[in-house]
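# I would like to see how this sequence folds:
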Amino acid sequence: MPVYQTMLSRFAHRMFGWPDSLAGGRRFGGPALLFQYCCGFVALVSIHDAALIVFNHQTINEMERNPIGSWLLKIHGGEVWLFVFAKLAGTALVCAILTTAYQNGKWHALPIVSALAV
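Purely as a prediction, here's the structure:
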């Protein structure tokens, strides 16, 4: 197994709390690798979106169309920090649920995480 794959899997295990079978186990390729890449992609897109919200905080109040997002902005006086925190907490919750689903049955979780990544 190449060194970069071992380092990546150990980092993902520590960072996301993924099970040992996903991080550095005997079988690193196939469904485990697909799951790691898709879940990581979902997390990175969410972080990028949160960064864009912070950088464009002047216009987010007019542009936000999600009623829950608008409500979070309204109750916090137009500040984006509560909105960004809720967004990132939601992403962490989704990744935790996906990891639990993968641990219980990887063939059920793979279509879900793949659809989220697309």
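
# show residues contacting stretch 54-73.
Among residues not part of stretch 54-73, those counted as contacts by CB atoms under 8 Å, 6 or more residues apart in numbering are 53, 78, 79, 80, 82, 83, 84, 86, 87. Heads up, the C-betas are built off the backbone N, CA and C, glycines and all.

# could you flag which of the residues you listed are buried?
Buried residues within those, defined by neighbour count using 16 or more other CB atoms under 10 Å: 53, 80, 83, 84, 87.

# the residue nearest the centre of the chain is in what secondary structure piece?
Closest residue to the average C-alpha location of the chain: residue 43 at 2.6 Å, with CA atoms, centre = their mean. Taking DSSP states H and E as the definition, residue 43 sits inside helix 31-55.

# roughly how far is that helix from the heart of the chain?
5 Å (CA atoms, centre = their mean, to the nearest Å).

# in that helix, which residues are buried?
Under 16+ other CB under 10 Å, the buried positions of helix 31-55 are 32, 35, 36, 38, 39, 40, 42, 43, 46, 50, 53.

# kindly reformat those residues as TSV containing distance to residue 98.
Output for the buried residues of helix 31-55, formatted as TSV (distance: CB to CB, whole Å):
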residue	distance to residue 98
32	13
35	8
36	11
38	9
39	6
40	11
42	8
43	10
46	13
50	19
53	23
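
# any chance of those residues in JSON lines, with pLDDT too?
Supplementary listing: the buried residues of helix 31-55 in JSON lines, determined by pLDDT from 0 to 100:
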{"residue": "32", "pLDDT": "83"}
{"residue": "35", "pLDDT": "90"}
{"residue": "36", "pLDDT": "88"}
{"residue": "38", "pLDDT": "92"}
{"residue": "39", "pLDDT": "92"}
{"residue": "40", "pLDDT": "92"}
{"residue": "42", "pLDDT": "94"}
{"residue": "43", "pLDDT": "94"}
{"residue": "46", "pLDDT": "95"}
{"residue": "50", "pLDDT": "95"}
{"residue": "53", "pLDDT": "94"}
